[in-house]
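Asker: Whatever this is, show me its structure:
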Amino acid sequence: GEMESTGKVTQREIAANVQQTVAQQVYNLDLEDFGPYRFDWTRNGRHMLLGGNKGHVAIMDVLRMNLVTELHLRETLRDVCFLHNETLFATAQRKYVYIYDQNGVELHCLRQHVEPTRLSFLPYHFLLAAVGKTGYLKYQDTSTGELVSEHRTKLGACDVMAQNTTNGVIHLGHGNGVVTLWSPAMSTPLVRMLAHQGPVKDVAVDPTGRYMASAGMNKTFKIWDLRTFKELHSYTSVQPAASLEFSQRGLLAVGFGSHIQVWRDACEKKARAPYMRHELPGKMASKVSWRPFEDVLGVGHSDGFTSMVVPGAGEPNYDALEANPFESTKERRETEVHSLLDKIGPETIALDSSFLGTIDTDSVSLAKEQDELTAAAVEAAGGGPRERREVRKQRGKSKTGRKLKKKRKNIMDAEKALLKKRLEDEKEERRAERAAEMKEARREEAPAALRRFVK
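Answerer: Residues are numbered from 1 along each chain as shown. Next comes the predicted model:
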């Protein structure tokens, strides 16, 4: 009931009272030699990409609990990110961004991205967004390989990035407490808002695109309304929150120090207490992220990775044409082709995504109104109304008559041959008349004694 406290329920108790397939989702991966770890899920939640700060990278099939590939980069690794599916992934290494395939083979080195810290992939636009210590946000098109745009934030090094999945806008958190919203089509921020008095530690956007959560160094995390850009609620934590993430059903996971908290209904109203808690003794949480279509929260920390079950977090009804957790190899290939064909341009990324697919039915009246405003402005400036020249409209190139003329151009019939002969005869007559006139002119110019010799 409403009076029941779920915050005291442990993962051991949950695992003992659920079916075996769910209980298998409660596990720990002890990898203390290569932490702290960051990770990423595929869009269907089937595969997980692990990346340790010391250079350890692994891909796991979490449905069957199989290790797909594992490699050691022997270099500092700051972030990892899947691209459109599990066959390709990107890593933010010490100097550049690298692209690998599912076998661990290096495919590309993106040298335009210098000292990257955070990566995010936009699946509908096939754009890889990267931000780094240089303070530049760069968008790379992974289908063509070209650098779409690069924006200078002018706010120093940045290591906080989140994506609004509803419209593709990138949210960046900066050291002066400012959160900026970016689109590849604009060289300046779409929105610039002061969220905290100190540095921003992390930012998260809920799946509906209506709310944003931000965590600051001042041990608070706030909920913001993205329609009005006003603060709704503020919560405090024992330590500054290192990571925030919204689930598909709106649950907010917060990781700070060795504590993990899950808040339910924290956006619409002020929540009194966390929905669930989990402790990681002796470990420091570095990232929390929800597995899509499952009631599973993944936690990357200093000693490896922890998976915990949170009832009611995942979306139970998945769209198999959008993201299918049980897709075969053939279905994956078909989905890849369809997504490439349905790829949309970066210029469609804007705060208000509702304009896509609409029709401008009032363009004629709008043009007339603009002409009237221009004429009024010219008249007010003392120039008087402009005289409008009459424009003679020419027939279009694709008119039926012109097409028929082109078709009949090379057809010779009796009428056309007669007309051609008549034109040639007239040309000959004109040529003879011109020659006679020139001869008469030369005869007139010659002396009288020599005129009979002029030809």
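
Asker: what's the weakest-modelled helix or strand in this protein?
Answerer: helix 400-408 (a mean of 66; mean pLDDT, DSSP states H and E).

Asker: can you pull the buried residues of the helix or strand hosting A377?
Answerer: Counting by DSSP states H and E, the element that carries A377 is helix 363-380. Buried residues in helix 363-380, counted by 16 or more other C-beta atoms under 10 Å: none are found. From N, CA and C alone the C-beta is placed, and that goes for glycine too.

Asker: Also stretch 108-123?
Answerer: By neighbour count with 16+ other C-beta under 10 Å, stretch 108-123 contains the buried residues L110, H113, E115, P116, T117, R118, L119, S120, F121, L122, P123.

Asker: Mind picking the two most distant members of these?
Answerer: E115 and P123 (25.5 Å; C-beta to C-beta).

Asker: Quick one: the buried residues of stretch 108-123 as TSV, columns for pLDDT, distance to R431 and secondary structure too.
Answerer: Formatted as TSV, the buried residues of stretch 108-123 follow (pLDDT from 0 to 100; distance: C-beta to C-beta, whole Å; DSSP: H, G, I helix; E, B strand; the rest coil):
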residue	pLDDT	distance to R431	secondary structure
L110	97	72	strand
H113	96	74	coil
E115	97	81	coil
P116	97	79	strand
T117	97	84	strand
R118	97	82	strand
L119	98	79	strand
S120	98	78	strand
F121	98	76	strand
L122	97	73	strand
P123	96	74	coil
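
Asker: Can you tell me which of the residues you listed is nearest T348?
Answerer: Proximity of the buried residues of stretch 108-123 to T348 (C-beta to C-beta) peaks at L122, which lies at 10.8 Å.

Asker: quick one, what contacts the closest one?
Answerer: Counting by C-beta atoms under 8 Å, 6 or more residues apart in numbering, L122 touches L128, A129, Q163, G168, I349.

Asker: let's go with 10 Å and repeat that
Answerer: 84, 128-129, 139, 142, 163, 165, 168-170, 184, 344, 346, 349 (C-beta atoms under 10 Å, 6 or more residues apart in numbering).

Asker: Bridge partners for F256, pull those for me.
Answerer: Beta-bridge partners of F256, counted by DSSP bridges, are H259.

Asker: and it, how many neighbours does it have?
Answerer: For F256, the neighbour count with other C-beta atoms under 10 Å is 23.

Asker: buried residues in the helix or strand hosting R422?
Answerer: Assigned by DSSP H and E, R422 belongs to helix 414-445. By 16+ other C-beta under 10 Å, helix 414-445 has no buried positions at all.

Asker: ok so, going back, from the contacts of L122, list just the buried residues.
Answerer: Here, 16+ other C-beta under 10 Å leaves 84, 128-129, 139, 142, 163, 165, 168-170, 184, 346, 349 buried among those.

Asker: Of those, which is the nearest to S286?
Answerer: Q163 (18.7 Å).

Asker: And the closest one, what's its pLDDT?
Answerer: pLDDT recorded at Q163 is 97.

Asker: The closest residue to it other than its chain neighbours: what's it in contact with?
Answerer: The shortest distance from Q163 to any non-neighbouring residue, by C-beta to C-beta, 6 or more residues apart in numbering, is to S120 (4.8 Å). S120 sits next to 40, 79, 81, 90, 127-131, 161-163, 170-171 when contact means C-beta under 10 Å, 6+ apart.

Asker: Show me what S120 is bridged to.
Answerer: A129.

Asker: And it, how close does it get to W182?
Answerer: As judged by C-beta to C-beta, to the nearest Å, S120 and W182 stand 11 Å apart.

Asker: Next one: A441 from I170, what distance?
Answerer: 83 Å.

Asker: How about S243?
Answerer: 17 Å.

Asker: Could you say whether G168 sits in a helix, a strand or coil?
Answerer: coil (DSSP: H, G, I helix; E, B strand; the rest coil).

Asker: Okay, and which of the contacts of S120 map to strands?
Answerer: 40, 79, 81, 90, 127-131, 161-163, 170-171 (DSSP state E).

Asker: Look at T87 and say how many residues are nearby.
Answerer: Considering only other C-beta under 10 Å, T87 is surrounded by 17 other residues.

Asker: returning to what we had before: can you add distance to H47 and give the buried ones among the contacts of L122 back as CSV?
Answerer: Shown next, in CSV, are the buried ones among the contacts of L122 (distance: C-beta to C-beta, whole Å):
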residue, distance to H47
H84, 12
L128, 18
A129, 21
Y139, 24
T142, 17
Q163, 19
T165, 19
G168, 23
V169, 26
I170, 24
P184, 27
P346, 26
I349, 26
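
Asker: surely E444 meets R451?
Answerer: Yes - between E444 and R451 there is a contact under C-beta atoms under 10 Å: 8.2 Å.

Asker: so where's the stretch 251-400 of the chain shaky on pLDDT?
Answerer: 359-364, 381-400 (pLDDT under 70).

Asker: Recalculate using a threshold of 80.
Answerer: Low-confidence segments of the stretch 251-400 of the chain (pLDDT under 80): 353-370, 376-400.
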